[in-house]
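Enquirer: sequence unavailable; structure follows:
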């Protein structure tokens, strides 16, 4: 775990002053670290009846797609507004540094689908709560929310627990 944590670069004051950005590109560019991170995020989900991994824009696409490949299942995308070509369902949420909105195709989820939400970093929990709300609105069963890293001091895990009964988990650091 420490090896993976050390591969994540800190960028102070990005995207604005006071934010400590976690740059995962340094971990992704190291093949053994990237493989280890995906193995840690995916291993407990083999043979659990998971239907899909939901990747959250944008770095969650990387984590989600790699996990889905490892598990032999599909990946669904949650994107910023205007990026999906079909009818969508959306949610607005608070970021650490503002507000944003996310969308998913309205027909992406079949009621009762068992999904894992994957993203790179759990910070304040606003993104996760919005995604969980979207998926539950469409009838998904969220098995777990998986993250490469967690900023524990921002207490995003508590916000996630309030949004759903899912267990947010960080795998990398």
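Expert: Great, that's in hand. Please read all numbers here as calculations on a predicted model, not as lab measurements. Numbers count the residues shown, from 1 in each chain.

Enquirer: the protein: helices as residue ranges?
Expert: 2-7, 25-28, 31-42, 59-71, 126-137, 156-163 (DSSP state H).

Enquirer: now the shortest one: buried residues?
Expert: The neighbour-count check on helix 25-28 (16 or more other Cβ atoms under 10 Å) flags 27, 28 as buried. All C-beta spots, glycine's among them, are computed from the backbone N, C-alpha and C.

Enquirer: what does that helix contact?
Expert: Helix 25-28 is contacted from outside by 4, 7, 8, 9, 33, 34, 37, 62, 148, 172, using Cβ atoms under 8 Å, 6 or more residues apart in numbering.

Enquirer: which members of those are the farthest-apart pair?
Expert: Using Cβ to Cβ, these span at most 15.7 Å, a distance reached by 9 and 62.

Enquirer: what's near enough to touch the spatially most central residue of the chain?
Expert: Residue closest to the average C-alpha location in the chain (Cα atoms, centre = their mean): residue 119, at 2.1 Å. Residue 119 is in contact with 55, 56, 59, 60, 63, 64, 127, 128, 145, 146, 147, 148, counting by Cβ under 8 Å, 6+ apart.

Enquirer: run through the bridge partners of it.
Expert: With DSSP bridges as the criterion, residue 119 is bridged to residue 147.

Enquirer: do you know the pLDDT at it?
Expert: Looking at residue 119, its pLDDT reads 97.

Enquirer: burial count for residue 20?
Expert: Neighbours of residue 20 under the rule other Cβ atoms under 10 Å: 13.

Enquirer: kindly report the same for residue 124.
Expert: For residue 124, using other Cβ under 10 Å, the count is 18.
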